[in-house]
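A.B. asks: 3D model of this:
(one chain, ligands or ions: 1)
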Amino acid sequence: MGINIVATGSYIPEQKLKNDDFRRFIDTNDEWIRTRTGITERPMAGWEPTWYMGAKASQQAIERAGIDPKDIGLIIASTVTSDFLTPSVSAVIQRETGAVNAAAFDLNAACSGFVYALDTARRFLETGCGKYILICATEALSRFVDFEDRTTCILFGDGAAAAIVEKSDKLFSSYIASDGRGAHYLCARSLNVAPEVKVESDFNDGFTDKPLHKLYQDGKEVYKFAVGALPKAFEGAAAGSGITAEDIDWFIPHQANVRIIETASKKLGVPMDKFIITLDHFGNTSSASIPLALNEAIEKGKVKRGQKLALIGFGAGLTYGGAIIEY
Ligand code: COA
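C.D. replies: Next up, the predicted model:
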C-alpha cells in the first residue's frame, strides 16, 4: 500500500534576512555565506508562533485538497521548535483547522521530520485512522539560534509546509534511520534553567559543556555525516522497490547546504538539475525544508502528477531517511 499526496500548502514569514543584514551583528559577508552554503536570504518569523505558521500552511493544504477537515483522522506535526512543552503544536493546529475528528501528536526527528512523518502516516493509513492524514512541518529556528555564532546563525530560516495524504496503490517506499552516537553534534537544551546557570551534571551525556537554550552544532561533524546520509537515505528507500536513481524525476533533499547536495549528487550519479533547490531563498528550515521545496516545485509546475520523487533528509539525532513516492 502506498500513499497519495492530495495537496500541499505553505506559510512563509514576510520578514527576510539577507546575507548582508548579518553584518549588523556578526563579522561576515554575503560572499562567504553564498559560496560556503548557497544561501542568499531566509524568512524569519517575527511575531508568528510555530503553531500559527503550521495552521496557515495546513489551512492552505486543506483548501487546495478540497476536503472536509472533519475527514482528517490524524494530524502529525513535525517540529523541533514547539511553542509549548505541552500541548503539542498538532493540537493547536487541530483547533485552528477544525479537524475535530483527528488524533494529534507531534513528531521530533529534526530535519528528517517530514520523511519520518510520511513513513508514519503510511503505517497509520494501513492499519486504519480515517480517510486523510494532515502532515504539517512547522519551524521557527530563529527562536533558539545563537545570533552571535556566525557559523550557525546564517544557516537557518523559518516557515511551514503541510500535506494532506490518503491511502493509494501508487508507488511508495520509505526508510528511516538514526545514529544516536552523533546526538551531541547538533543540539539545543530544553532545561528550565536560567542561561547564566552552568549545568553541572554527574552524567557524562556529551551535552554538559554545550551552551544553554541555543542551537549548538559541530559544523564539520554534521557535514561529514550529511554527505553520507543523503545517499544512504535514498538507497535505503530504494531497496527492494526495484527503483534506481535513474527512475527518479526529482530529488528533493533537505536544504542545509548546497555543497552537501552537490556531493550527494556526485555520489548518486545524478545531475544537479534533477535536484530541487530552495535553500538560496529559504535557508535551512529544518523539517519544513523538504515540504517547502516540494510545495514550491508543485506551484511552479516543475513537479507534475505521475512523476517519481525521492525525498531525502538528515538532521539532529542524528536522523536520516528517504521516501520514494509517485506524485
Ligand atoms: N562569515 C565569515 N566567516 C565565517 C563564517 C561566517 N558566517 N562562519 C565561519 N567563518 C570562518 C571560520 O571562523 C573559519 O575561519 P578561520 O579559518 O579563520 O578559523 C573559516 O570561516 C572556515 O570555517 P569552517 O567552519 O571551516 O567553514 P566550513 O567551510 O566548514 O563551513 C559550515 C561551515 C557550517 C557552513 C559547514 O561546516 C556546514 O555546512 N556544516 C553542516 C551544517 C549543517 O548542515 N547543519 C544543519 C544540519 S540539519
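A.B. asks: next, count neighbours for residue 239.
C.D. replies: Applying the criterion other CB atoms under 10 Å, we find 12 residues in the vicinity of residue 239. To be clear about C-beta, it is placed using only N, CA and C from the backbone, and glycine gets the same treatment.
A.B. asks: ok, it - contacts?
C.D. replies: Contact partners of residue 239, counting by CB atoms under 8 Å, 6 or more residues apart in numbering, are 173, 175.
A.B. asks: what distance do you get for the residue most central in space within the chain to residue 109?
C.D. replies: If you average the C-alpha coordinates of the chain and look for the closest C-alpha using CA atoms, centre = their mean, you land on residue 287, 1.4 Å from that point. Plainly put, residue 287 is 7 Å away from residue 109 if you go by CB to CB, to the nearest Å.
A.B. asks: skipping adjacent residues, who's closest to the residue nearest to the centre of the chain in space?
C.D. replies: The shortest distance from residue 287 to any non-neighbouring residue, by CB to CB, 6 or more residues apart in numbering, is to residue 113 (3.0 Å).
A.B. asks: for the helix or strand harbouring the one you found, buried residues please.
C.D. replies: Assigned by DSSP states H and E, residue 113 belongs to helix 113-127. Residues of helix 113-127 classed as buried: 113, 114, 115, 116, 117, 118, 119, 120, 121, 122, 124, 125 (neighbour count, 16 or more other CB atoms under 10 Å).
A.B. asks: elements contacting the longest helix along the chain?
C.D. replies: Scanning the chain for the longest helix, with DSSP state H as the assignment, gives helix 219-238. Using 3 or more CB pairs under 8 Å, 6 or more residues apart in numbering; DSSP states H and E as the contact definition, the elements that helix 219-238 packs against are strand 172-178, helix 258-268, strand 308-315, strand 319-326.
A.B. asks: okay, angle between that helix and helix 258-268 too, please.
C.D. replies: 40 degrees (axes from the mean of the first three to the mean of the last three CA atoms, to 10 degrees).
A.B. asks: check the offset of helix 219-238 from the chain's centre.
C.D. replies: Distance of helix 219-238 from the chain centroid (CA atoms, centre = their mean, to the nearest Å) equals 15 Å.
A.B. asks: just want the angle from it to strand 319-326.
C.D. replies: In this structure, helix 219-238 runs at an angle of 40 degrees to strand 319-326, with the same axes, to 10 degrees as the basis.
A.B. asks: export helix 219-238 as CSV, just CAs?
C.D. replies: Taking C-alpha atoms only, helix 219-238 is exported to CSV below (Å, rounded to 0.1, in the frame of the first residue of the first chain):
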residue,chain,number,x,y,z
GLY,A,219,29.6,22.0,11.7
LYS,A,220,32.4,19.7,10.4
GLU,A,221,31.0,16.6,12.1
VAL,A,222,27.5,17.3,10.8
TYR,A,223,28.8,18.0,7.3
LYS,A,224,30.7,14.6,7.3
PHE,A,225,27.5,12.8,8.5
ALA,A,226,25.3,14.7,6.0
VAL,A,227,27.3,13.8,2.8
GLY,A,228,27.0,10.1,3.7
ALA,A,229,23.4,10.3,5.0
LEU,A,230,21.7,11.7,1.9
PRO,A,231,22.9,8.8,-0.5
LYS,A,232,22.1,6.3,2.3
ALA,A,233,18.6,7.7,2.7
PHE,A,234,17.9,7.2,-1.0
GLU,A,235,19.5,3.7,-1.1
GLY,A,236,17.5,2.7,2.0
ALA,A,237,14.2,3.9,0.5
ALA,A,238,15.0,2.3,-2.9
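A.B. asks: ok, and what's touching it?
C.D. replies: 112, 115, 151-152, 173-175, 177, 179, 182, 185-186, 244-245, 251, 253-254, 256-257, 260-261, 263-264, 267-268, 310, 312-314, 318, 320-324.
A.B. asks: run a quick neighbour tally on residue 80.
C.D. replies: By other CB under 10 Å, the burial measure for residue 80, its neighbour count, is 22.
A.B. asks: which of the contacts of helix 219-238 count as buried?
C.D. replies: Judged by neighbour count, with buriedness set by 16+ other CB under 10 Å, the buried members of the contacts of helix 219-238 are 112, 115, 152, 173-175, 177, 179, 182, 185-186, 245, 251, 253-254, 256-257, 260-261, 263-264, 267-268, 310, 312-314, 318, 320-324.
A.B. asks: skip ahead from the longest helix of the chain and say which helix or strand is next.
C.D. replies: Taking DSSP H and E as the definition, the helix or strand right after helix 219-238 is strand 250-253.
A.B. asks: other residues contacting that following strand?
C.D. replies: Contacts for strand 250-253 (CB under 8 Å, 6+ apart): 230, 234, 260-261, 264-265, 268, 270, 274-276, 290, 293-294, 297, 302-303, 307-313.
A.B. asks: and the longest helix of the chain, what's buried?
C.D. replies: Under the neighbour-count criterion of 16+ other CB under 10 Å, helix 219-238 has 222-223, 225-227, 229-234, 236-238 buried.
A.B. asks: stretch 162-175 now?
C.D. replies: Using 16+ other CB under 10 Å as the burial criterion, the residues of stretch 162-175 that qualify are 162, 163, 164, 165, 166, 167, 168, 171, 172, 173, 174, 175.
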